[in-house]
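Colleague: Fold the following and give me the result.
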Amino acid sequence: MSRVILPNFLRFLILIFIQVFLLKNIGYYNLAVPFLYILFILLLPFGIPNMLLFTLAFITGLTIDTFYDTLGINAAACTMLAFVRILFINITVQRQGFENEPEPRLGIMGFRWFFFYGLFLTVFHHLTLFLLETYNFSDLRYTLIRVVFSSIFTLFLILVTEFIFFRKRER
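Modeller: Next up, the predicted model:
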């Protein structure tokens, strides 16, 4: 049990630290803003209970909200991310494979699956986040441009991070 809890707790702390102290002020004219902290939610094990997943996603978003002063927007977006993650995994992964493939990592699931997994969930997270941030549809075009560029930037950072810690599939 501690083999699962300790690495995820360390991953949480490291990603929150990187997001708050390094990536908070990085962006391209507020069009491409990276949100690497969602990698914590993306890499949680397949077999995690849904209630725990929602709780961890909410706590992750709330932690970012405290540093960004965004009043729950990240918490809502992370909770939506957890919901979409459950749907995506239920559609794309067979239940029998959970014992052999404990985590949705690049080295375990393969590049193609992980790329679409990361892309799909990142876009949903950013769409929720930026729509809640603007809270109107008058600037919808600008908001969608922000979603696209921020998703590309975030997905690039997620893939680079996964390639840095890449481990071959264990059979």
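Colleague: contacts and neighbour counts: CA atoms only from here.
Modeller: Will do.
Colleague: Point to the helix or strand of this structure where mean pLDDT is at its lowest.
Modeller: The least trusted helix or strand in the chain, going by mean pLDDT, DSSP states H and E, turns out to be helix 106-109, with a mean of 82.
Colleague: so after that one, what's the next helix or strand?
Modeller: Sequence-wise, the next helix or strand downstream of helix 106-109 (DSSP states H and E) is helix 111-134.
Colleague: in stretch 9-25, what counts as buried?
Modeller: Using 16 or more other C-alpha atoms under 10 Å as the test for burial, stretch 9-25 gives Arg11, Phe12, Leu15, Ile16, Gln19, Val20, Leu23.
Colleague: mind putting those residues in JSON lines, pLDDT, secondary structure and distance to Arg105 included?
Modeller: Listed next are the buried residues of stretch 9-25 as JSON lines, based on pLDDT from 0 to 100; DSSP: H, G, I helix; E, B strand; the rest coil; distance: C-alpha to C-alpha, whole Å:
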{"residue": "Arg11", "pLDDT": "89", "secondary structure": "helix", "distance to Arg105": "13"}
{"residue": "Phe12", "pLDDT": "92", "secondary structure": "helix", "distance to Arg105": "16"}
{"residue": "Leu15", "pLDDT": "92", "secondary structure": "helix", "distance to Arg105": "16"}
{"residue": "Ile16", "pLDDT": "92", "secondary structure": "helix", "distance to Arg105": "19"}
{"residue": "Gln19", "pLDDT": "91", "secondary structure": "helix", "distance to Arg105": "20"}
{"residue": "Val20", "pLDDT": "92", "secondary structure": "helix", "distance to Arg105": "24"}
{"residue": "Leu23", "pLDDT": "84", "secondary structure": "helix", "distance to Arg105": "22"}
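Colleague: The residue of the chain most remote from its centre: which element?
Modeller: Within the chain, Ser138 marks the point farthest from the mean C-alpha position, 27.3 Å out by C-alpha atoms, centre = their mean. According to DSSP H and E, Ser138 maps onto no helix or strand at all.
Colleague: List phi and psi for it.
Modeller: Reported as degrees, to the nearest 10, the phi and psi values for Ser138 are phi -70, psi -30.
Colleague: Tell me the spacing between it and Leu131.
Modeller: In this view, Ser138 and Leu131 are 11 Å apart by C-alpha to C-alpha, to the nearest Å.
Colleague: same thing with Val4?
Modeller: 34 Å.
Colleague: what do you get for Thr55?
Modeller: 22 Å.
Colleague: I appreciate the help and will end here.
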